[in-house]
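J.: sequence-free structure coming up:
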């Protein structure tokens, strides 16, 4: 009983309050962005869409309350079975799912759509964290590090790429490469993996016409975003510009009966925030995600082992990185991806998957506080070839003399 009380006391309540605050903020903005579409699509009911999202948030909070109380070390034993199950479900999607806009990405379960690639982010992040943490110093050996990592990551994301879902693949690859770097890979290895996946991306774009279209429209309007041929990005930039410093107020981005919805409340909600809350409101959202990244990395640095550090880095990189890409699309600095903004965008699978992962992150904070050590002579400072991830084995074990502890 005392052990549980002590563990609870270690929970990062700042991160928990930030998560709940972001989600409440997100629901307000989502209702403001979607009420008009809900009115015209559901026979005068303003609340249909937001109530669906509230249900998903409730399910997500319930799932988070469960994963907060599961010791994150348990996920090591489940990493391989979860990954195999993920690959099987992704293959099943390709085989039996009905195509939507030319892509087979989700199952229809009654009134709900479940998108397995969202949950694949969790299992893949867990497995890569476990795989990298098991390598230790050998991660810098090309036969133990670079080649197996590139093959493993390529295998795990291949089924997502062929759905096709290039944006989710991008998020997973980005998070995995950050984990690979933290695990001890040097710049040459990172550059090699990056180059390989750039080649894969070029190949994928050459195969999928929708990706070619998005990139060509982005390039054609890069110098003048207000005249870009992609209507979603063009209207998004216009929304942000129209918002000025303090915005036009909530619900100002709504539609009247003569208009058509031209900014989805999932893919472009940051642009709606820009119009309704202005530059100040948009900047607040960016600051919140930066603060989330800071707290997530702080949890990683306090984890009691390498697996905890890498898993926390992976989850933080995935959520903060996805937010970064969404914001970049809304500001016409990145091609249209269709990625939702965590906490703000409409979407059941992404909301539920995010909360499951956030529960794991909070559990790492609860079971951490072991002390992450950065050796002053380590490679991260440009000295030798040690791994960047160096931990005390237990919470109370003495730190190495000369090490900086966080």
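T.: Arrived safely. Since we're looking at a predicted model, the values are computed, not measured.
J.: Please count neighbours and contacts with C-alpha atoms only from this point.
T.: Fine.
J.: Now do the closest residue to residue 218 other than its chain neighbours against residue 270, distance only.
T.: In space, and not counting its chain neighbours, residue 218 is closest to residue 335: 5.4 Å by Cα to Cα, 6 or more residues apart in numbering. Here residue 335 is placed at a distance of 15 Å from residue 270 (Cα to Cα, to the nearest Å).
J.: Neighbour count for the two, which is higher?
T.: Of the pair residue 335 and residue 270, residue 270 is the one with more neighbours under other Cα atoms under 10 Å, namely 30 against 23.
J.: all helices of the stretch 1-150 of the chain, in order?
T.: For the stretch 1-150 of the chain, the helices defined by DSSP state H, counting those that start in this stretch cover 2-9, 13-41, 48-67, 74-96, 116-135, 146-161.
J.: With mean pLDDT and mean neighbour count as extra columns, can I get the ones you listed in JSON lines?
T.: Shown next, in JSON lines, are the helices of the stretch 1-150 of the chain (pLDDT from 0 to 100; neighbours: other Cα atoms under 10 Å):
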{"stretch": "helix 2-9", "mean pLDDT": "44", "mean neighbour count": "11"}
{"stretch": "helix 13-41", "mean pLDDT": "87", "mean neighbour count": "18"}
{"stretch": "helix 48-67", "mean pLDDT": "93", "mean neighbour count": "18"}
{"stretch": "helix 74-96", "mean pLDDT": "87", "mean neighbour count": "16"}
{"stretch": "helix 116-135", "mean pLDDT": "90", "mean neighbour count": "23"}
{"stretch": "helix 146-161", "mean pLDDT": "82", "mean neighbour count": "18"}
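J.: Let me have the ones you listed in TSV, extended by distance to residue 297.
T.: As requested, the helices of the stretch 1-150 of the chain are arranged in TSV below (distance: least, Cα to Cα, whole Å):
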stretch	distance to residue 297
helix 2-9	19
helix 13-41	11
helix 48-67	19
helix 74-96	19
helix 116-135	15
helix 146-161	23
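J.: Which of those sits closest to residue 237?
T.: helix 13-41 (15.8 Å; Cα to Cα).
J.: Would you map the strands across the stretch 101-250 of the chain?
T.: With DSSP state E, counting those that start in this stretch as the criterion, the stretch 101-250 of the chain has strands at 107-109, 112-114.
J.: weakest of those by average pLDDT?
T.: Lowest mean pLDDT within the strands of the stretch 101-250 of the chain: strand 107-109, at a mean of 66.
J.: which residue sits closest to residue 273, ignoring its sequence neighbours?
T.: Residue 273's closest residue in space is residue 282 (Cα to Cα, 6+ apart), at 6.1 Å.
J.: Then residue 121?
T.: Spatially, and ignoring its direct neighbours in sequence, residue 121 is nearest to residue 172 (6.3 Å; Cα to Cα, 6+ apart).
J.: go on, residue 248?
T.: Closest to residue 248 by Cα to Cα, 6+ apart is residue 276, at 4.9 Å.
J.: Let me know the angle separating the helix or strand containing the one you found from helix 13-41.
T.: Assigned by DSSP states H and E, residue 276 falls within helix 269-302. Counting by axes from the mean of the first three to the mean of the last three Cα atoms, to 10 degrees, helix 269-302 lies at 160 degrees to helix 13-41.
J.: And the following helix or strand past helix 269-302, what does it pack against?
T.: Following the chain from helix 269-302 toward its C-terminal end, the next helix or strand by DSSP H and E is helix 306-330. Packing contacts for helix 306-330, counted by 3 or more Cα pairs under 8 Å, 6 or more residues apart in numbering; DSSP states H and E, involve helix 116-135, helix 166-183, helix 231-243, helix 269-302, helix 348-367.
J.: Surely residue 239 is in contact with residue 274?
T.: Yes: counting by Cα atoms under 8 Å, residue 274 is a contact partner of residue 239 at 6.5 Å.
J.: Looking only at neighbour counts, state which of these two leads.
T.: residue 274 (31 against 24).
J.: Distance check, that one against residue 11.
T.: According to Cα to Cα, residue 274 and residue 11 sit 33 Å apart.
J.: one step back: of the helices of the stretch 1-150 of the chain, which is nearest residue 317?
T.: If we rank the helices of the stretch 1-150 of the chain by Cα to Cα, the stretch that ends up nearest is helix 116-135, at 10.1 Å.
J.: Assign residue 333 to one of the three secondary structure states.
T.: At residue 333 the chain is in coil, as set by DSSP: H, G, I helix; E, B strand; the rest coil.
J.: Do me a favour and get the end-to-end distance for stretch 134-152?
T.: One end of stretch 134-152 to the other measures 14 Å (Cα to Cα).
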